[in-house]
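**Student:** Sequence first, then the predicted structure:
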Amino acid sequence: MDCVGVVIVSHSPKVAEGAADMVRQMVGEEVPLAWTGGNPSGGLGTDVGQIMAAIDRAWSNAGVVILVDLGGAETNSEMAIEMLPDDRRAKVLICNAPVVEGAVVAATEAAGGSSVDIVQQTAEEYSAR
Amino acid sequence: MDLGADLRAELVRAVATTIERHAEELTTLDQAIGDGDHGLNMKRGFEAVLADVANLSAKPWPDFLKGVGTMLVMKVGGASGPLYGTLFMALGKELPAEPTRADLPRAFRAAIAAVQARGKSERGQKTMLDVLYPVAEALEAGAAEGPAIARAAHAAAEATIPVKAVRGRASFLGDRSIGHMDPGARSSALMIEAVASVLEKA
Amino acid sequence: MKNGIATDQAATGAIVIAHEVGLHARPSVKLTKLAKTFASKIELGLSEGGPWIDAKSIVKVMAFKAAKGSTLHFRAHGGDATQAVAALVDLVRRDFDESHGGG
């Protein structure tokens, strides 16, 4: 069974990359992982095209969860999902969880082979704890 | 000779021209109550659409509109990229391959609903929706003349001036957002005017 | 095994946490990952009587405060309960396979 992939989207590329480093160090290699941050002009922000590319890099047949920081990251991630091919769209879920902790929790759950719904649920459980 | 393609190309040129002409004004509006990049973002987006006009306008209406929408999402950026992108993509989904004026009111309504869902805003919150809804109503009331529709759009944009923003970056300014036209409302009105004047002559 | 069907086992175990910072984030990840490789229901507690938390729940285990020197109690129910408890106790004994001061 493929592990669900994890995508980290932050307004800051440093935050996104750092969060990905933490996930790799704490969880290991088995979970497909990708990160993106910053806008095409090199400033803080998020970009739909970059998010779509990150989803592709972390793609797994089990699906992908996306961790986001502030508002625009979520809107752009929703836009990116909307623009995915039909066979992928339903398998990508955004998690309502803090970007760093949510990514670690999501990746841990994904490493155990959980479904994309359970991975999302577990990340959101972190917010509710 | 594909009259459809010529018309589509003319629409692109008209919209790109008005955006280019008003880019500085849109930036100024956005500096007052936003992050100051609306003019720049819209200009970049429509330059990209214009650069690809031959390819885009060769497609039938639904694919043309979806193509424009996709390019706007990818190139405009900011908050308005996804909103305008969604507007065009939804129009492309709603209109038939050979659309007539009769298809416009329903398709436009559906497209506005998609924009509303994307931005999670409502009418009256000082956004582009405050222009789009009145235009939809004008179309539904049977307004067929370009100038009438353009007037409705510009009046609606003016009406955003006294409104206090509760959505987007402007909402952080609270009362200080009052007295400024919403930049997205302005760009919408300009685009509606450009489209209306081309369709009027078509 | 009876008639080819594994009978349910119940198992318990306890081990003192020697890890420098106790059960913090990275050990929590390793613990839950290991727990999930077993079919049995597995729980974790700070005393023989509990209260017990689900050892496969990363959120609960991360929130579980267990300092260095405290005793972690495990209990499991299921076909592989004995192996599960043994494996988890061993993970703690091995200091979660981390060098001192790491993580």
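**Tutor:** The structure has been received and is ready for your questions.
**Student:** For stretch A:84-92, list every residue counted as buried.
**Tutor:** When burial is assessed from 16 or more other C-beta atoms under 10 Å in any protein chain shown, stretch A:84-92 yields the following buried residues: A:84, A:91-92. For glycine as for every other residue, the C-beta is placed from the backbone atoms N, C-alpha and C.
**Student:** Give me the average confidence score over the helix or strand hosting B:Ala185.
**Tutor:** For B:Ala185, the enclosing helix or strand under DSSP states H and E is helix B:183-201. The pLDDT scores in helix B:183-201 average 96.
**Student:** Just the buried positions in the host helix or strand of B:Arg8, please.
**Tutor:** B:Arg8 is located in helix B:3-21, with elements delineated by DSSP H and E. Buried residues in helix B:3-21, counting neighbours by 16+ other C-beta under 10 Å, are found at B:4-5, B:7-16, B:18-19.
**Student:** Name the residues that touch the helix or strand hosting C:Ile42?
**Tutor:** C:Ile42 is located in strand C:41-45, with elements delineated by DSSP H and E. By C-beta atoms under 8 Å, 6 or more residues apart in numbering or on different chains, the surrounding residues in contact with strand C:41-45 are C:31, C:35, C:50-56, C:61, C:64, C:72-78, C:81, C:84-85, C:88.
**Student:** From the residues you listed, which land in helices?
**Tutor:** C:31, C:35, C:61, C:81, C:84-85, C:88 (DSSP state H).
**Student:** backbone phi and psi for residue 46, please?
**Tutor:** Going with chain A. A:Thr46 has phi and psi values of phi -130, psi 160 when expressed as degrees, to the nearest 10.
**Student:** Give me the spatial nearest neighbour of residue 59, chain neighbours excluded.
**Tutor:** Defaulting to chain A. In space, and not counting its chain neighbours, A:Trp59 is closest to A:Gly5: 6.0 Å by C-beta to C-beta, 6 or more residues apart in numbering or on different chains.
**Student:** I was thinking of chain C, sorry if that wasn't clear
**Tutor:** Spatial nearest neighbour of C:Val59, excluding adjacent residues (C-beta to C-beta, 6+ apart): A:Glu125 at 4.7 Å.
**Student:** Give me the three-state assignment for the one you found.
**Tutor:** When the structure is split into helix, strand and coil by DSSP: H, G, I helix; E, B strand; the rest coil, A:Glu125 lands in helix.
**Student:** buried ones in stretch B:165-184?
**Tutor:** B:165, B:167-170, B:177, B:180-184.
**Student:** Return the residues in contact with the most centrally placed residue in chain C.
**Tutor:** Central residue of chain C (C-alpha atoms, centre = their mean): C:Leu88, 4.4 Å from the mean position. Going by C-beta under 8 Å, 6+ apart, C:Leu88 touches C:13, C:31, C:34-35, C:42, C:55, C:74.
**Student:** and those residues as CSV, adding distance to B:Leu190, pLDDT and neighbour count?
**Tutor:** As requested, those are arranged in CSV below (distance: C-beta to C-beta, whole Å; pLDDT from 0 to 100; neighbours: other C-beta atoms under 10 Å in any protein chain shown):
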residue, distance to B:Leu190, pLDDT, neighbour count
C:Gly13, 72, 91, 18
C:Leu31, 60, 95, 25
C:Leu34, 61, 95, 19
C:Ala35, 60, 96, 26
C:Ile42, 64, 97, 27
C:Ala55, 61, 97, 29
C:Phe74, 68, 96, 25
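**Student:** which one of these sits closest to chain A?
**Tutor:** C:Ala35 (8.8 Å; C-beta to the nearest C-beta).
**Student:** How about B:Ile192: what's its closest non-neighbour residue?
**Tutor:** Setting aside the residues directly before and after it, B:Ile192 is nearest to B:Ala153 in space (C-beta to C-beta, 6+ apart), at 4.0 Å.
**Student:** What is the neighbour count of that neighbour?
**Tutor:** 25 (other C-beta atoms under 10 Å in any protein chain shown).
**Student:** Name the nearest residue to the closest residue to chain A within chain B, ignoring sequence neighbours.
**Tutor:** Of all residues in chain B, B:Pro82 sits closest to chain A, at 4.2 Å by C-beta to the nearest C-beta. Leaving aside its sequence neighbours, B:Pro82 sits nearest to A:Met79 (C-beta to C-beta, 6+ apart; 4.2 Å).
**Student:** Contacts for the helix or strand harbouring C:Arg26 next, please.
**Tutor:** Taking DSSP H and E as the definition, one finds C:Arg26 inside helix C:25-35. Under the contact criterion C-beta under 8 Å, 6+ apart, helix C:25-35 has outside partners A:25-27, A:104, A:108, A:111-112, C:19, C:23, C:42, C:44, C:55-58, C:61-62, C:64, C:84, C:87-88, C:91-92, C:96-98, C:103.
**Student:** Go again with 6 Å.
**Tutor:** Contact partners of helix C:25-35, identified using C-beta atoms under 6 Å, 6 or more residues apart in numbering or on different chains, comprise A:26-27, A:108, A:111, C:42, C:55-56, C:58, C:61-62, C:91, C:96, C:103.
**Student:** Neighbours of the residue nearest to C:Arg75 when sequence neighbours are not counted, how many?
**Tutor:** If you skip the residues right next to it in sequence, C:Arg75 has C:Thr12 as its closest partner in space, 4.7 Å away by C-beta to C-beta, 6+ apart. Burial of C:Thr12, expressed as a neighbour count using other C-beta under 10 Å, amounts to 15.
**Student:** residues contacting A:Tyr126?
**Tutor:** By C-beta under 6 Å, 6+ apart, the contact set of A:Tyr126 is A:97, A:101-102, A:105, C:59.
**Student:** isn't B:Met128 right up against B:Asp182?
**Tutor:** No - between B:Met128 and B:Asp182 there is no contact under C-beta atoms under 6 Å: 7.2 Å.
**Student:** B:Arg186 and chain C, how far apart?
**Tutor:** Computed with C-beta to the nearest C-beta, to the nearest Å, the distance linking B:Arg186 and chain C is 47 Å.
**Student:** how far away is the nearest residue to that residue once chain neighbours are set aside from B:Ile192?
**Tutor:** Distances taken as C-beta to C-beta, 6+ apart put B:Ala157 closest to B:Arg186, at 5.3 Å, once the chain neighbours are dropped. B:Ala157 is 9 Å from B:Ile192, where distance means C-beta to C-beta, to the nearest Å.
**Student:** In the contacts of helix C:25-35, find the pair that's most separated.
**Tutor:** Spatial extent of those (C-beta to C-beta) is set by the pair C:Ile42 and C:Gly103 at 22.5 Å.
**Student:** what about stretch B:99-107, how long is it end to end?
**Tutor:** Terminal residues of stretch B:99-107 lie 10 Å apart, using C-alpha to C-alpha, to the nearest Å.
**Student:** What lies in contact with it?
**Tutor:** Under C-beta under 6 Å, 6+ apart, the answer for stretch B:99-107 is B:61, B:91, B:94-95, B:139-140.
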